[in-house]
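Q: here are the coordinates; sequence isn't available:
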Ligand SMILES: [Zn+2]
């Protein structure tokens, strides 16, 4: 077998097409993975409709066409390069799509996420060279990847669950920076969305004592609370609970009432594209003195941030993107041990030939509970 089927994008704004192309040979320190599941993210539909091209035409962050997308692949090692020593054909893996140059100061210091050439294999990124070196996203049958991108999957972690690792890992890496853990209160802004729900699951696994969450859809919020009703509390940020002009925000009053009057230890913002800066600021004001916030959400407006408030309240705010392969291994270990309980996810698996339907249907999802996965081994 020397060829495979890949879903490729030939023009922005057009559907992907199934093409037969050669199966690549792994270079010395690369592996070849047979993809069994690839997670698809809601943002992919915007990206292939040329969102970046219309927003910022000069930004050269998209891969050359035709391109194979697919950010979260999981599968089985089919072949290893001649310098790969610690992973063998037949092993089950998640492929972390985070690519780096490998030789800059940050890469050499063991901080690959801070590489100036940071690039997502199968998505977009800062280096055209890296995208050309790793042109295979997970929406095809075989992909090459560097050996240090692999997360070994325990037998009881399914490929479908691994296809969610991008979201889990994004939340997990940010929450490690926040110090989420036992004795800590933690607020997820946008807890019923894909990122927020996975953050709640990770917070339970990390032992957070009190997990607060905001959202708009009361039915979805109640489903999130049901994951662990003694530890999770939810707040609907609809019209009824909007902050009155010049008055105290009921969200802040609620968060304080849940934390002995202090406010929460940390906040993770997981708001979706299009959310307002004001919605993010409301969550920041739930922090206690000395509290920390991280942003992994998609608010694009300028924040009306009072630096004097930030200083006098000793508040920290940090951005966070993605996660290392080592953090992926930690998540796989938590999932294997059952401390990370992913059983509430509902997998919707599509054949590779249904990729365009899958992308078109993502607006009709059950908050973060629906996990959209493409199985490239299935062609109909
Ligand atoms: Zn680098």
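A: Yep, it's here. Please read all numbers here as calculations on a predicted model, not as lab measurements.
Q: Just the pLDDT at residue 135, thanks.
A: Model confidence at residue 135, expressed as pLDDT, equals 98.
Q: how near is the closest residue to the ion within the stretch 151-300 of the chain to residue 379?
A: Of the residues in the stretch 151-300 of the chain, the one nearest the ion is residue 173, at a distance of 17.7 Å by CB to the ion. Where you see a C-beta, it was placed from the backbone N, CA and C, and this is true even at glycine. Distance of residue 173 to residue 379, given as CB to CB, to the nearest Å: 35 Å.
Q: what do you get for residue 253?
A: As judged by CB to CB, residue 253 and residue 379 stand 55 Å apart.
Q: Grab the nearest non-local neighbour of residue 86.
A: Residue nearest to residue 86 in three dimensions, not counting chain neighbours: residue 147, with 7.8 Å by CB to CB, 6 or more residues apart in numbering.
Q: Just list the residues touching that neighbour, thanks.
A: Neighbouring residues of residue 147 by CB atoms under 8 Å, 6 or more residues apart in numbering: 29-31, 80-81, 84, 86-87.
Q: now it: how far from residue 32?
A: Applying CB to CB, one obtains 11 Å for the distance of residue 147 from residue 32.
Q: shared neighbours, the two?
A: Contact with both residue 147 and residue 32 is made by residues residue 80, according to CB under 8 Å, 6+ apart.
Q: interface residues of this structure facing the ion?
A: The chain comes close to the ion at residues 100-101, 104, 107, 115, as judged by CB under 5 Å from the ion.
Q: Let's see that with 8 Å instead.
A: Along the chain, the residues adjacent to the ion under the rule CB under 8 Å from the ion are 100-108, 112, 115-118.
Q: ok, which pair from those is furthest apart?
A: Taking CB to CB as the measure, the residues of the chain next to the ion reach their widest spread between 108 and 118, a distance of 14.6 Å.
Q: who has more neighbours, these two?
A: A direct count of neighbours by other CB atoms under 10 Å for residue 108 and residue 118 places residue 118 higher, at 20 against 12.
Q: The more buried one and residue 125 touch, don't they?
A: Yes. With contact defined as CB atoms under 8 Å, residue 118 reaches residue 125; the gap is 6.3 Å.
Q: which neighbours do those two share?
A: Common neighbours of residue 118 and residue 125 (criterion: CB under 8 Å, 6+ apart): residue 99.
Q: picking up where we left off before, look at residue 173 and residue 379 and report which has more neighbours.
A: Set side by side, residue 173 and residue 379 show more neighbours around residue 173, with 23 against 12, by other CB under 10 Å.
Q: mind checking how far the more buried one is from residue 265?
A: Between residue 173 and residue 265 the distance, using CB to CB, works out to 18 Å.
Q: so what's the residue of the stretch 251-380 of the chain found nearest the ion up against?
A: Across the stretch 251-380 of the chain, no residue is closer to the ion than residue 324, which sits at 13.3 Å (CB to the ion). The contact partners of residue 324, by CB under 8 Å, 6+ apart, come to 96, 98, 112-113, 173.
Q: now those residues in a markdown table, with pLDDT and distance to residue 303?
A: What follows is the contacts of residue 324, written out as a markdown table (pLDDT from 0 to 100; distance: CB to CB, whole Å):
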| residue | pLDDT | distance to residue 303 |
| --- | --- | --- |
| 96 | 98 | 30 |
| 98 | 98 | 26 |
| 112 | 96 | 28 |
| 113 | 97 | 23 |
| 173 | 98 | 22 |
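Q: Can you tell me which of those end up in helices?
A: Counting by DSSP state H, the members of these that fall within helices are residue 173.
Q: Just the closest of the contacts of residue 324 to the ion, please.
A: Comparing these against the ion with CB to the ion places residue 112 closest, at 6.8 Å.
Q: tally of neighbours for the closest one?
A: For residue 112, the tally of surrounding residues (other CB under 10 Å) stands at 23.
Q: Wait, it touches residue 100, no?
A: Yes. If you go by CB under 8 Å, residue 112 and residue 100 touch, sitting 4.1 Å apart.
Q: Find the residues that touch each one of these two.
A: Here residue 112 and residue 100 share the contacting residues 106, 118, scored by CB under 8 Å, 6+ apart.
Q: hang on, the earlier thing: for the contacts of residue 147, which single residue is the most surrounded?
A: Among these, residue 31 has the most neighbours (other CB under 10 Å), with 25 neighbours.
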